[in-house]
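> let me see the structure of the following:
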Amino acid sequence: MRRHAGVIAAAAGLLALLGAAPAPAQAPDPDQSFVEFLRRQDPEAADRFLALRNARDAALADMQEAAQRYAAGGAALRPVSLPALQTARRRYAETSLALLDFLDARDRGVIAKLEADVERVKRSMAERNRDRAQIEKLLRGE
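Residues are numbered from 1 along each chain as shown. Here you go, the predicted model:
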């Protein structure tokens, strides 16, 4: 039993230290390289992506806060806080879908460009094959 108490005390001490540690000044942006790439291609699209992502992140934070209020309120206050939670969930879903729609539209554009590039390369290959056949005829003396 004493052994478990020591483990619990050590864990509590570690949690206290972690809680007292200063937070980093600003967390690195996981989308930074994507945003930079997008900004080089289309600055307006990069701005639109950032606006949509920031709106989604804000909606997520609002939803988490509403969920905490709902959970902390107890059974008596849940009916009062439920509409705010439902509104926050709906807003999060709407902003998430808007971001997904943006990414899907962008990806459809990328696919269309790639398909056009593939067709251009195929045409070039076909032209070279025709040229090759003509040159081989010349080589054979036909």
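> now do the helices in the chain.
2-20, 32-41, 43-72, 74-140 (DSSP state H).
> mean pLDDT and mean neighbour count added to these, as JSON lines?
Yep, even glycine has a C-beta here, placed from its N, CA and C like the rest. Shown next, in JSON lines, are the helices of the chain (pLDDT from 0 to 100; neighbours: other Cβ atoms under 10 Å):
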{"stretch": "helix 2-20", "mean pLDDT": "44", "mean neighbour count": "9"}
{"stretch": "helix 32-41", "mean pLDDT": "95", "mean neighbour count": "12"}
{"stretch": "helix 43-72", "mean pLDDT": "97", "mean neighbour count": "15"}
{"stretch": "helix 74-140", "mean pLDDT": "96", "mean neighbour count": "12"}
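> now the most centrally placed residue in the chain: phi and psi?
The C-alpha lying nearest the average C-alpha coordinate of the chain belongs to D31 (Cα atoms, centre = their mean; 6.9 Å). For D31, the backbone dihedrals (degrees, to the nearest 10) come out as phi -100, psi 10.
> how about it: what's its closest non-neighbour residue?
Nearest non-adjacent residue to D31, counting by Cβ to Cβ, 6 or more residues apart in numbering: R53, 6.7 Å away.
> does that neighbour touch L99 like I think?
Yes. Judged on Cβ atoms under 8 Å, R53 makes contact with L99 at a distance of 6.0 Å.
> still on that earlier bit, hmm, the residue nearest to the centre of the chain is touching L52, no?
No. D31 lies out of contact with L52 (Cβ under 8 Å); the separation is 11.1 Å.
> so how far is R106 from K113?
11 Å (Cβ to Cβ, to the nearest Å).
> what do you get for K137?
Taking Cβ to Cβ, one finds K137 at 47 Å from R106.
> next up, the contacts around L52.
With Cβ atoms under 8 Å, 6 or more residues apart in numbering as the criterion, the residues that contact L52 are 95, 98-99, 102.
> contacts only, for L82.
Y70.
> distance of the nearest residue to A98 once chain neighbours are set aside from T95?
Take A98 and drop its neighbours on the chain: the residue closest to it by Cβ to Cβ, 6+ apart is L52, 5.4 Å away. According to Cβ to Cβ, L52 stands 7 Å off from T95.
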